[in-house]
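Q: quick one, structure for this:
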Amino acid sequence: MIHYKHNMKKYIYSLLAVFTISLCSAQVVSLSQAEYFWDTDPGEGNGTAITASDGSFTSAFEKIAISGLGAPSVGLHKFCVRVKDNTGAWSPIVTNVIKVESTTTPTPVSLTQAEYFWDTDPGEGSATPLLATDGNFTSAFESVAVTGLNAPSVGMHKFSIRVKDNQGAWSPAFTNIVNVGSTTTPIPLSLSQAEYFWDADPGEGSATPLLATDGNFTSAFEKVGVTGLNAPSIGVHKFSIRVKDNQGVWGPVFTNVITVGETINPIPVSLSQAEYFWDADPGEGSATPLLATDGNFSSAFEKVFQNGIPIVNPIGLHTFNVRVKDNIGVWGPVFKNVIYIETVLGTNTYTYSKVIMYPNPVKDVLNITFDSTITKVSIHSLLGQEVLVKTINSQEGSIDVNTLASGAYIVKIYADKLVQTLKFIKE
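A: Below you'll find the predicted structure:
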């Protein structure tokens with residue numbers, strides 16, 4: 001029973017659900033009209049029209065707001081609703097017995113359960129459950145997951161769905177005829193070829209090939225090399241490109257209008273000079289020169305000697321700076337590193353040695369340079385626990401400290417018979 005308040009504005013929200021699945025070529029269903037009547041059926045199309053809450057009936061699921069129902073006298077009455085789909089077919093009548101009273105608040109309606117079945121009805125509550133996409137049936141309108149419906153054999157079948165409200169009442173079953181086709185496994189899509197042309201189309205497969213930058217067209221997304229495109233004469237031209245998939249099907253042509261200007265041969269870039277300085281910048285060209293290991297600065301990538309760099313005083317943190325100049329005389333930006341310099345006293349010879357550790361603080365890699373062969377390096381917490389050790393056997397080495405927690409650490413550098421202890425900060 002639904003109790004109805006007689007002398008107040010009346011609102012009833014009805015859920016009208018038509019569930020449509022297209023597994024092959026099934027027709028898309030939507031609602032086009034809804035109507036209601038009290039007690040006696042005036043005939044299809046002759047009931048009182050109901051308006052969709054969004055203003056139009058355009059989908060298979062619609063929410064309708066009904067106000068001013070003009071309820072009959074106090075007592076028991078039948079309230080009936082039916083809908084018409086976009087093919088002109090009217091649904092069966094959904095009927096509720098309503099007791100109209102003067103002082104009763106209607107119970108809010110929500111869904112609590114949904115289920116579906118193929119062909120034969122197993123009975124209310126015994127069909128296969130449907131899950132709400134938000135995880136819970138808590139409102140009068142719910143979206144349900146429709147994957148994994150376990151379709152029956154190939155052919156024509158009846159697919160049915162029904163819902164239960166928060167009063168425990170099951171709705172009628174909504175049924176659609178579905179043509180189940182054979183299941184096919186989609187073939188993964190990838191590209192196999194690409195080509196380009198200027199202006200006139202020479203035909204599929206006859207244009208100039210484009211090469212994938214990784215050497216192979218093996219995926220659905222590829223990056224292609226665009227150098228050496230052999231531009232036409234100066235002026236406005238159409239540049240077009242197309243690709244072919246692994247099924248041998250060419251895609252549409254993608255075209256851009258390009259203005260071709262005068263061709264200028266770019267000047268190859270190489271380095272001509274490098275220099276370094278500690279802390280204060282003396283100005284471009286006025287710092288200490290760095291030498292290329294092959295004796296000449298003649299390419300865009302050069303390796304420089306790192307030995308014989310005088311260590312700055314006093315002991316502590318300093319900024320080590322490097323910059324280079326290219327073959328057209330332009331100096332690049334300054335590359336900086338903060339380096340901790342500490343003097344090491346040899347325990348046997350009493351001579352001073354220099355150790356360089358940078359950067360400090362450090363995020364990932366800690367670099368250490370010494371003027372004697374470093375046999376190993378160990379890192380300890382401030383409590384003395386060894387957390388990392390690495391064999392070096394060189395005058396310089398790098399230690400990956402990325403896995404260490406942030407904080408202060410002690411590093412012990414073992415070189416010949418020397419052991420030097422330093423401190424660094426892990427960011």
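Q: unless I'm mixing things up, Trp90 is touching Val83, no?
A: Yes - using Cβ atoms under 8 Å, Trp90 and Val83 qualify as a contacting pair, with a distance of 7.3 Å. For glycine as for every other residue, the C-beta is placed from the backbone atoms N, C-alpha and C.
Q: out of the two, which sits in the more crowded spot?
A: Val83 (23 against 13; other Cβ atoms under 10 Å).
Q: bridge partners for that one, pull those for me.
A: Per DSSP bridges, the residues bridged to Val83 are Ala34.
Q: would you confirm that it contacts Val29?
A: No - with contact defined as Cβ under 8 Å, Val83 does not count as touching Val29 (10.8 Å).
Q: which ones are touching Met156?
A: Applying Cβ atoms under 8 Å, 6 or more residues apart in numbering to Met156 gives the contacts 177-180.
Q: and Thr40, how many neighbours?
A: When counting by other Cβ under 10 Å, one arrives at 8 neighbours for Thr40.
Q: and it, how far from His77?
A: Thr40 sits 10 Å away from His77, going by Cβ to Cβ, to the nearest Å.
Q: try Trp118
A: Noted for Trp118: a distance of 37 Å to His77, by Cβ to Cβ.
Q: try Asn327
A: Taking Cβ to Cβ, one finds Asn327 at 96 Å from His77.
Q: what's the pLDDT at the nearest residue to Glu195 once chain neighbours are set aside?
A: Once flanking residues are discounted, Glu195 sits nearest to Ala207: 3.9 Å by Cβ to Cβ, 6 or more residues apart in numbering. The model reports Ala207 with a pLDDT of 90.
Q: and Ala207, what does it touch?
A: Ala207 touches 195-197, 201, 240, 242, counting by Cβ under 8 Å, 6+ apart.
Q: try it again with 7 Å
A: Neighbour list for Ala207: 195-197 [criterion: Cβ atoms under 7 Å, 6 or more residues apart in numbering].
Q: mind giving me the PyMOL select for those residues, buried ones only?
A: Buried members of the contacts of Ala207, defined by 16 or more other Cβ atoms under 10 Å, are picked up in PyMOL with:
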select buried, resi 195+196+197
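Q: tabulate the contacts of Ala207 (JSON lines), appending distance to Gly332.
A: Below are the contacts of Ala207 laid out as JSON lines (distance: Cβ to Cβ, whole Å):
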{"residue": "Glu195", "distance to Gly332": "39"}
{"residue": "Tyr196", "distance to Gly332": "35"}
{"residue": "Phe197", "distance to Gly332": "40"}
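Q: circling back: which of the contacts of Met156 fall within strands?
A: Counted as lying in strands by DSSP state E, out of the contacts of Met156, are 177-180.
Q: export stretch 283-299 to PDB, keeping only CA atoms.
A: Output of stretch 283-299 as PDB, limited to C-alpha atoms (Å, rounded to 0.1, in the frame of the first residue of the first chain):
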ATOM      1  CA  GLY A 283      83.200  36.200 -17.100                       C
ATOM      2  CA  GLU A 284      82.900  34.300 -20.400                       C
ATOM      3  CA  GLY A 285      86.300  33.400 -21.800                       C
ATOM      4  CA  SER A 286      88.100  34.400 -18.600                       C
ATOM      5  CA  ALA A 287      87.800  31.200 -16.600                       C
ATOM      6  CA  THR A 288      90.300  28.300 -16.600                       C
ATOM      7  CA  PRO A 289      90.300  26.300 -19.900                       C
ATOM      8  CA  LEU A 290      89.400  22.700 -20.000                       C
ATOM      9  CA  LEU A 291      91.200  20.400 -22.500                       C
ATOM     10  CA  ALA A 292      89.400  17.800 -24.700                       C
ATOM     11  CA  THR A 293      90.700  14.300 -24.100                       C
ATOM     12  CA  ASP A 294      91.300  13.800 -27.900                       C
ATOM     13  CA  GLY A 295      93.200  17.100 -28.100                       C
ATOM     14  CA  ASN A 296      90.600  19.000 -30.100                       C
ATOM     15  CA  PHE A 297      87.100  20.500 -29.600                       C
ATOM     16  CA  SER A 298      85.700  19.400 -33.000                       C
ATOM     17  CA  SER A 299      82.300  17.800 -32.400                       C
END
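Q: by neighbours, which of the ones in strands among the contacts of Met156 wins?
A: Val178 (21 neighbours).
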